[in-house]
Every structure is written in structure tokens, then in C-alpha cells.
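Visitor: make a model of this:
(2 chains)
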There are 2 protein chains.
Amino acid sequence: MSADTAILSAEEFRARLQEIGEERYHHRHPFHLRMHEGQLTRGQLQAWALNRFYYQSRIPMKDAIILSRSEDPEFRRAWRKRILDHDGNSAGEGGIAKWLRLAEATGLTRGQVTGCEGVLPGTRFAVDAYLDLVRNRTFLEAVASSFTELFSPTLISLRMERLKEHYPWIGGALDYFQARLTQAPEDIDFAFHWVYQAAKTRPEQEAALNALRRKCDILWAQLDALYYAYVQPGWPSPGAFQIKEP
Amino acid sequence: MSADTAILSAEEFRARLQEIGEERYHHRHPFHLRMHEGQLTRGQLQAWALNRFYYQSRIPMKDAIILSRSEDPEFRRAWRKRILDHDGNSAGEGGIAKWLRLAEATGLTRGQVTGCEGVLPGTRFAVDAYLDLVRNRTFLEAVASSFTELFSPTLISLRMERLKEHYPWIGGALDYFQARLTQAPEDIDFAFHWVYQAAKTRPEQEAALNALRRKCDILWAQLDALYYAYVQPGWPSPGAFQIKEP
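Guide: Reported below is the predicted structural model:
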């Protein structure tokens, strides 16, 4: 077998995932760079929190689609945790509620956020493409699209530090990120091993790598939409959230 | 408004559901009547347990589809319980594992059951039509298709009594039914109130009633397939489970 068709070892496979992350994960996006350098205005952080709420609101739906495609109770029991993490056990708990508190800390009202009315079309299309991926691609690709969690703890740690430093008024509302620091490693551990076992051929491994690329694109495109609308040139689509700097 | 277009009160709506259940729920199916009269052979009960395992195995997938279609964390928190009820928190727990123990009590091996290889095509088509309903009909209809749980406790109580009486060798493996006696009323209580609130017009109420009819048809057709294959004339499809009476 040539190098291009030989199956990758677990170490090689993980190294390929890391390479993709270094190249494509949204830690390199100019919007995040500005955020971490303290260059975003409060209004720009509002736009970020509001648009990303739409992404957050779709995460349990995305995970339920994956759940609905698995015939294996063991897989479902492991994956079910993700829905619990985001929806919680009662009102006010879970990742969505935590994100809402972050959005409120930026000065938005609950009503502005939960209705998702001001969300940019570009955000909506990217997030909906994620639901489309997990619904319509192979089950292996659906699971592998969660591999961005390999990279999220590093980004989240940096972000928490920089948000506290540059935007102290938001510093008390970072519970969402705090929780993800422990949740994401548990999740990626399961997903990595499952995908590595399930991908029996090099083409299947390549499909999994491509699913990660596509997921990185989905995250990146959300920040492109934000940057274009609220940083440069600063043209939010008709009907989208308009910044009113306090 | 005429009687045909006026919105039904909660009492009227519930009465219409009851009527449908009395007419169409599978408590009236000849296969169940024979079961409850003690007229089924052990092989016929094996065929029932094996085919219904396919139905049981799809229940959490069905509920995850419904979960994936809800944008409301509160709805999802309530509905998530159903997946927990069937998958449990660890291997050996939950409705699917309990049904497997029932199937083993009939003399089947786990391997015969979990692979679903001997399942009748008629069972498969009916169950898959259930997944299709919750995936492709309106969300209201998807939720309303669970209304058969209004009728299941009565049937299950009778069935437990008769199974213990007529087939004592199965009597120790009725945990599945025992659990459903408490789970189903909790579930139907939520679903009834949700649907009654969500259906704002008489046509929406009628759509919910039709979803119950369709779900009754799905349950009935599974017993038709069993009856035809294993009772009269007794012609299981090529490849399907063959009874070997002990």
C-alpha cells in the first residue's frame, strides 16, 4: 500500500486532525484575534453573543439528530450527555441558559437574544449547514464533525483570560466557558475513539478528516459574517441586529 | 362556527382520542386476543418478542428525531426522559434491555434478537413508517403520534396478568411492562397538554387526531404481519424467523 492509501495509526490520525485544526480552526480568525487583543467594542461583543446564541441554540438539535441516527444504545447513552450539557435538567441550567447570561452581561435583553430575530443570514446559513451535515452525510462524518472539540479547550482558556482582562464587565458571566473546559475533553475522548474504531479504511478516515474541515469552515464562516457586518466594512444585512454603542 | 369547524375543548378533544383508541388501538387485534386467552405457542411468543424488539429498538431513535425538531429547551428537557427510559444510564438498564430479557425468557438467544435479522419485512415497514412520520410530518403530528400511550396502561395491566396466568415461564421477565405502567402516564400527561396548547385551530386538532389514527395503524400492521406469518396461514417471509417449537 502506498502512503496515500495505507490506513493511519491512531497517532497519525490524531496528528492529521491537529494539522487541520492549526490551519482552519477559528482561533486564527481576525474577529477572535481582535477580541483577544481587547479591540472589540461592547456593541461588537453584543453582536457576537447574539449571533452565537443561534449556534448554541442548535447544538442540542444537532446532537439529537446524531442520537436519532444511532442504532446502538451504548453510543446513544454516551452521546445523550451532550444534550443534557446544553439543555440542563431544568430551566436556567445548561449551556444555552449560560450563554444567555453571557449575552445579558453584554447589555442585551433576553428577548433580543432568544427570538433570534437579529441573527445575520450568514450565521443562520452556516449553522443550518451544520444541521444538514449531521443529518445527511454519513453517520461517521456526522460524529467526526464534533472533532473541533479537540481545539476548543485551548481557545476557551485563552478567551476567558482575555475577556476578564479586556472586558471586565463580562467577566462574571463566563460559566458557559468554564463548563466547556471539562465537558469538551470528555466528549472528544469518546468521539475520537469511536471514529477511529469505526473508520476501517483510509477513505473513511479521509472522510472523517474532511468532516472536521467542513466543521471548521462552519465556525469560520460565522465569524466572517460578524466581521463583515460589524467590524469592516460594517454592513449588517437588512433586519439584522444594529449596534447602538452605549 | 359549525360543529365541524369549532375548536374542541380539552374534554372533547380527549373524548375524540378515546374514541379512536377504542376503535383502532391494537388491544383488539386477534393476535393479542389469542395471547391473552393463552392460545399462543411458545414459538409464536418468540416471534412476537423478536419482531417487537425491532419496534423497541427504534423508540429512542424516534424520540431523538422529535427532540431534534424542537427549538424549545423546555420541551426537549421533558421529552429527553423518554430516551433515558428506553436506553437507561448504563448497559443492562432501560426498556430495550428489559425487552431483551423478555425475549430471552421465551427461549431466544440475545444474538437472534439484537441483530434483527429474522424480523418480518411487514414489521420493518410499519416501524420505519413511524420514524418517517415523526421526521416528515408536522411537529404537532409527530408529538401527537405518541397518544397511543393513553391506552397502553390498560392493555399492559391485562397483558401482565394474562402472561403470568397462561405462560408462567415468562412471568419473571415482565420488568419492561412494569416500568411502562408508570412511565407512560407521565409521558402522555406532558404530550396531551402540549398538543392541546399547540393546536390552535380545529384543522390542527384534526391533524393530531389523524396522527393517532396513523400510529394505531402502525401498531396494528405489526400484529397483522405476525398473525399472517406465524398463526394463519403461517407463512413467514423468506429469511424471516422460523418457529421451532420445543
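Visitor: quick check: which element contains the residue positioned nearest the centre of chain A?
Guide: In chain A, the centroid-proximal residue (CA atoms, centre = their mean) is residue A:219; its distance is 6.2 Å. Assessed by DSSP states H and E, residue A:219 sits inside helix A:202-230.
Visitor: which elements pack onto that helix?
Guide: helix A:10-24, helix A:30-36, helix A:42-69, helix A:121-136, helix A:139-144 (3 or more CB pairs under 8 Å, 6 or more residues apart in numbering or on different chains; DSSP states H and E). C-beta here means a position set from N, CA and C on the backbone, and glycine is covered the same way.
Visitor: centre of the chain to that helix, how far?
Guide: Remark: helix A:202-230 is offset 10 Å from the chain centroid, using CA atoms, centre = their mean, to the nearest Å.
Visitor: residue A:126 contacts residue A:222, doesn't it?
Guide: Yes. In this structure, residue A:126 is within contact of residue A:222 by CB atoms under 8 Å, at 4.9 Å.
Visitor: what's the burial count for the residue nearest to residue A:125 when sequence neighbours are not counted?
Guide: Leaving aside its sequence neighbours, residue A:125 sits nearest to residue A:221 (CB to CB, 6 or more residues apart in numbering or on different chains; 7.7 Å). Here the number of neighbours of residue A:221 (other CB atoms under 10 Å in any protein chain shown) works out to 18.
Visitor: quickly note the distance from residue A:221 to residue A:96.
Guide: Here the criterion is CB to CB, to the nearest Å. By it, residue A:221 lies 21 Å from residue A:96.
Visitor: equivalent analysis for residue A:229, please.
Guide: For residue A:229, the distance to residue A:96 - CB to CB - is 23 Å.
Visitor: low-confidence stretches in chain A?
Guide: Applying pLDDT under 70 to chain A flags residues A:1-3, A:246.
Visitor: I'd like the helices and strands packed on helix A:202-230 as CSV, with distance to residue A:91 and mean neighbour count appended.
Guide: Shown next, in CSV, are those (distance: least, CB to CB, whole Å; neighbours: other CB atoms under 10 Å in any protein chain shown):
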stretch, distance to residue A:91, mean neighbour count
helix A:10-24, 35, 15
helix A:30-36, 30, 17
helix A:42-69, 14, 23
helix A:121-136, 23, 18
helix A:139-144, 29, 21
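Visitor: which one of the ones you listed lies nearest to residue A:215?
Guide: When these are compared by CB to CB, helix A:121-136 sits nearest residue A:215, at 7.1 Å.
Visitor: can I get that closest one as PDB, trimmed to CA atoms?
Guide: Backbone C-alpha positions of helix A:121-136 (Å, rounded to 0.1, in the frame of the first residue of the first chain) are rendered in PDB as follows:
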ATOM      1  CA  PRO A 121     -28.300  35.400   7.500                       C
ATOM      2  CA  GLY A 122     -24.700  34.400   7.200                       C
ATOM      3  CA  THR A 123     -24.700  33.000  10.700                       C
ATOM      4  CA  ARG A 124     -28.000  31.200  10.000                       C
ATOM      5  CA  PHE A 125     -26.800  29.600   6.800                       C
ATOM      6  CA  ALA A 126     -23.600  28.400   8.400                       C
ATOM      7  CA  VAL A 127     -25.300  26.900  11.400                       C
ATOM      8  CA  ASP A 128     -28.000  25.300   9.400                       C
ATOM      9  CA  ALA A 129     -25.300  23.800   7.200                       C
ATOM     10  CA  TYR A 130     -24.100  22.100  10.400                       C
ATOM     11  CA  LEU A 131     -27.500  20.500  10.900                       C
ATOM     12  CA  ASP A 132     -27.600  19.500   7.300                       C
ATOM     13  CA  LEU A 133     -24.200  17.800   7.700                       C
ATOM     14  CA  VAL A 134     -25.200  15.700  10.700                       C
ATOM     15  CA  ARG A 135     -28.500  14.800   9.100                       C
ATOM     16  CA  ASN A 136     -27.400  14.000   5.500                       C
END
